[in-house]
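1. I would like the atomic coordinates for the input below:
(4 chains)
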Number of protein chains: 2
Amino acid sequence: MARNKYPEITINRILDTSMKLFMSKGYENTTIQDITDELGNLSKGAIYHHFRSKEEIMDAVNKRMAEQGIGDIKTIAVDSSLTGIDKLRKILLFSISSAQQEAIDNTVPPFLKNPQLLALHMRDTLGSSSDLLTGVIVEGMNDGTIPTKQPRELSQMILLFFNVWLNPWMYTWTLDEQKNIIVFIKDVLDKNDIPIFSQELLQALDVLYSLSQGKK
Amino acid sequence: MARNKYPEITINRILDTSMKLFMSKGYENTTIQDITDELGNLSKGAIYHHFRSKEEIMDAVNKRMAEQGIGDIKTIAVDSSLTGIDKLRKILLFSISSAQQEAIDNTVPPFLKNPQLLALHMRDTLGSSSDLLTGVIVEGMNDGTIPTKQPRELSQMILLFFNVWLNPWMYTWTLDEQKNIIVFIKDVLDKNDIPIFSQELLQALDVLYSLSQGKK
DNA sequence: AAAATACATACCGAACGTCGGTATTAAAAT
DNA sequence: ATTTTAATACCGACGTTCGGTATGTATTTT
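-> Model (predicted):
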């Protein structure tokens, strides 16, 4: 096949189809041949020209996903018109809705079939994502909207709640189970004077639930 | 080699060395050949006589670990001389100390190199382990020592705290980080009227920390 | 003695990664 | 402007590794 003048296009095509296949079949069950077949007009050698190993493709896929997911959150984090607690609320609303969206679209990574992705995600959750959220919480401490003495730990707990517990990855909770968890989390946070669940957020959640229920 | 009269011995030997190798090198990087080499006097065919696949070995290893870990907890759970909250305390103390012990012994599974183990463990945490703990919490509700309306969710949160967050798997926290997390968790649970951290438990933790610090 | 079981050995096939080669583009030289 | 040179995108056959199988053999059980 004719060589591509702009290799980034090829690289992105490889990442796109790889992600698609990893998601649907799992990393282990996806062969390089599968990827070339799905691409249609690219050879094994071409792939190995751009990536040194199958694992490196995996890493690149994950990196791209993480960057994209964090990108939107960053724009919220730097919005100077919001107080700390409001940023937190917005971020959580965004996280929940996109997670819900993924569940509806069935683009949810089957993490039990894809433990590699799970591990990377967990690392991100307790690592870089936590760093970002900690910054927001510190802001909230300074402007007096978030009362806590341990921003780092609070950040990690919240991410643990939303990115791990509530995520439809390990267990695909039923709607009732999900609601129960949310009620519980709200209760815990309220008692710690972290009123994250505003009326808006609860309403938004209701809308999301009715939507996904309608879809079912 | 002469055939073994008691195959269970062979099976356990396979599981022992497999676990050891999976822990140190990771599941992916451990070949069947590695296992036979480490065993020394057993062939590939022998292994495949007892296990249908490499993955089945993995599952068996995990199952054995889970059963052993849960066994001790079960004995606490059925102890009729304890109230619900006391059982909870005992279980947590046990969990923390054994986790700490593992950290000291360096028998900690490197979960980032072993995503398969991580995935299985996460499933257990939100699944069977949670079931067991929920039972204890319901007892505590009935005898009035644990005030909550959502035993299942409380159980899951606690396990999330101790089995995921605080575990030295994903991130090997420093002692200070670990202490901070524990202080935070204590604070959260106290505010929810779940006084899990008794004086004994805190003291026991102090002892553990000074021990592991002395060891360092 | 016959059947079942615990192993050993030789082998298969799939899949990862390599390597020599080709085609194409860009830059340098003339 | 044309030619040369270098770099890079890509191809596809091959080597190797490794999970798994087929078959043979010794030992135990019945």
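2. Tally up the residues packed near the residue of chain A found nearest chain B, please.
-> Going by Cβ to the nearest Cβ, chain B is nearest to A:P115 of chain A, at 3.4 Å. Any C-beta I mention is one placed from the backbone N, CA and C, and that applies to glycine too. When counting by other Cβ atoms under 10 Å in any protein chain shown, one arrives at 22 neighbours for A:P115.
3. Same check on A:I181?
-> 20.
4. what's the distance between it and DNA strand D?
-> Between A:I181 and DNA strand D the computed distance is 36 Å (Cβ to the nearest atom of the strand, to the nearest Å).
5. show me the contacts for that residue.
-> With contact set as Cβ atoms under 8 Å, 6 or more residues apart in numbering or on different chains, A:I181 has these partners: A:165-166, A:173, B:153, B:156.
6. Go ahead and list the helix or strand containing it.
-> Element membership of A:I181 [criterion: DSSP states H and E] is helix A:175-191.
7. Next, the buried residues of the strand or helix carrying A:H121.
-> A:H121 is located in helix A:115-126, with elements delineated by DSSP H and E. Using 16 or more other Cβ atoms under 10 Å in any protein chain shown as the test for burial, helix A:115-126 gives A:115-126.
8. Quick check: nearest residue in space to the residue of chain A closest to chain B, chain neighbours excluded?
-> B:P115 (3.4 Å; Cβ to Cβ, 6 or more residues apart in numbering or on different chains).
9. can you check A:I146 too?
-> A:G140 (3.0 Å).
10. who touches the residue nearest the centre of chain A in this structure?
-> Geometric centre of chain A, nearest residue: A:G69, 5.6 Å, by Cα atoms, centre = their mean. By Cβ under 8 Å, 6+ apart, A:G69 lies in contact with A:S98.
11. Secondary structure element holding A:R152?
-> helix A:151-159.
12. Now do that helix against helix B:175-191: the angle between them, please.
-> Relative orientation of helix A:151-159 and helix B:175-191, computed by axes from the mean of the first three to the mean of the last three Cα atoms, to 10 degrees: 60 degrees.
13. how about helix A:151-159, does it reach chain B?
-> Yes - counting by Cβ under 8 Å from any Cβ of the partner chain, contacts between helix A:151-159 and chain B involve A:152-154, A:156-157.
14. Kindly provide the distance from the closest residue in space to A:E139 that isn't next to it in sequence to DNA strand D.
-> Closest residue to A:E139 apart from its sequence neighbours, by Cβ to Cβ, 6+ apart: A:G84 at 4.1 Å. The spacing between A:G84 and DNA strand D, counted by Cβ to the nearest atom of the strand, is 45 Å.
15. So for A:G84, what's the pLDDT?
-> On pLDDT, A:G84 comes in at 91.
16. before we move on, what about A:L205?
-> At A:L205, the pLDDT recorded in the model is 73.
17. Please give the number of neighbouring residues around it.
-> By the criterion of other Cβ under 10 Å, A:L205 has 19 neighbours.
18. Domains in chain A, by residue range?
-> By the record's domain assignment, chain A is partitioned as A:7-54, A:82-215 (automatic domain parsing).
19. what's the offset of the longest one from the middle of its chain?
-> Meaning domain A:82-215. 10 Å (Cα atoms, centre = their mean, to the nearest Å).
20. in chain A, which spans are helices?
-> Secondary structure of chain A (DSSP state H): helices at A:7-25, A:32-39, A:44-50, A:54-77, A:84-105, A:115-126, A:128-142, A:151-159, A:175-191, A:199-215.
21. if we look at stretch A:143-157, which residues are touching it?
-> A:83-86, A:88, A:126, A:130, A:133-134, A:136-138, A:140-141, A:192-194, B:165, B:180-181, B:183-184, B:187-188.
22. Could you tell me which residues of chain A lie near chain B?
-> Checking chain A against chain B by Cβ under 8 Å from any Cβ, the hits are A:111-112, A:115-116, A:118-119, A:122-123, A:126-127, A:150, A:152-154, A:156-157, A:160, A:164-165, A:170-171, A:180-181, A:183-184, A:187-188, A:191-192.
23. Apply the buried test to those and list what passes.
-> In the residues of chain A next to chain B, the ones that pass as buried (16+ other Cβ under 10 Å) are A:111-112, A:115-116, A:118-119, A:122-123, A:126, A:150, A:152-154, A:156-157, A:160, A:164-165, A:170-171, A:180-181, A:184, A:187-188, A:192.
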